[in-house]
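Q: no sequence for this one, just the structure:
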């Protein structure tokens, strides 16, 4: 049965997801659980850019600007991929409540809970009785930008309101762009920081390591190539269950270069700084800062 997924907003994250899904389903589009994609952007410029980017898949991708309600009406599944600060104005547009009635809605907006999204749509009173009975089912899913490479780790909020069929489609969507992990609602913010924002935090460490390599004569492209392989190796060891502390200990030898480097990091409080960075991000998502 043909199924349409609508993207409301398609910035960095939305386009990463869309690109990953198109790539994953290009060889056999007829057997994919999603057969058509519609995109509604805020500006005509963004729409034109996306049309050019997805020209090779124009038979499966429809792009328009300022067409949020129409995109929601025509879709079976709606993905809210706009910037979080735009969510309230978009979801309060006339016609949104009716367009989303009974629909399956996936939010990839950081820091916006399903309850907040529902309030944006229906207002503080929660809408009329008929609206309450036919509300959309809203699920939070937090992928990361590696979705474009089909290497994302997506944190998905557990939701008892999901039917088995919708849960299967939800899992399928994000498995096309990487790995999926379901977590309890109270762990979504922490999970999204570890899976998404932590990627940005790690670039600080990688950048510093590359700077040091350049200072000692390494070319930056070579340092980047080596660092990328090191990160892949580290990821493999972590997947095998090797604890970071055990890994550090196994690499460090008496009077060796590794322990000297680790001492410098500990002396400067780097581990604590990373822990604080993660906690501050989680608190911000909770609205505590």
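A: Done, it's in. Quick caveat: nothing in here was measured; it's all calculated off a predicted structure.
Q: Buried residues of the longest helix belonging to the chain, list them for me.
A: In terms of residue count, the longest helix belonging to the chain (DSSP state H) is helix 220-239. Judged by neighbour count using 16 or more other CB atoms under 10 Å, the buried positions of helix 220-239 are 223, 227. (Glycine included, C-beta is placed from N, CA and C.)
Q: Ok, stretch 113-124 next?
A: 113, 114, 116, 117, 118, 119, 120, 121, 122.
Q: now swap in stretch 23-42 and tell me
A: Using 16+ other CB under 10 Å as the test for burial, stretch 23-42 gives 23-25, 32-42.
Q: can you give me the strands in the stretch 151-289 of the chain?
A: Under the criterion DSSP state E, counting those that start in this stretch, the stretch 151-289 of the chain contains strands at 152-157, 178-183.
Q: Not counting its own residues, what contacts the last one?
A: By that I understand strand 178-183. The contact list for strand 178-183 (CB atoms under 8 Å, 6 or more residues apart in numbering) reads 20, 143, 146-147, 150-158, 171, 174, 191, 195.
Q: could you flag which of those are buried?
A: The neighbour count (16+ other CB under 10 Å) marks 20, 143, 146-147, 150, 152-157, 171, 174, 191, 195 as buried among those.
Q: follow-up on the earlier one: tell me which entries of the buried residues of stretch 113-124 lie within helices.
A: Going by DSSP H, the helices hold 114, 116, 117, 118, 119, 120, 121, 122 from the buried residues of stretch 113-124.
Q: any chance of these in JSON lines, with pLDDT too?
A: Below are these laid out as JSON lines (pLDDT from 0 to 100):
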{"residue": "114", "pLDDT": "92"}
{"residue": "116", "pLDDT": "92"}
{"residue": "117", "pLDDT": "94"}
{"residue": "118", "pLDDT": "93"}
{"residue": "119", "pLDDT": "93"}
{"residue": "120", "pLDDT": "93"}
{"residue": "121", "pLDDT": "93"}
{"residue": "122", "pLDDT": "89"}
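Q: Perfect, I'm done here.
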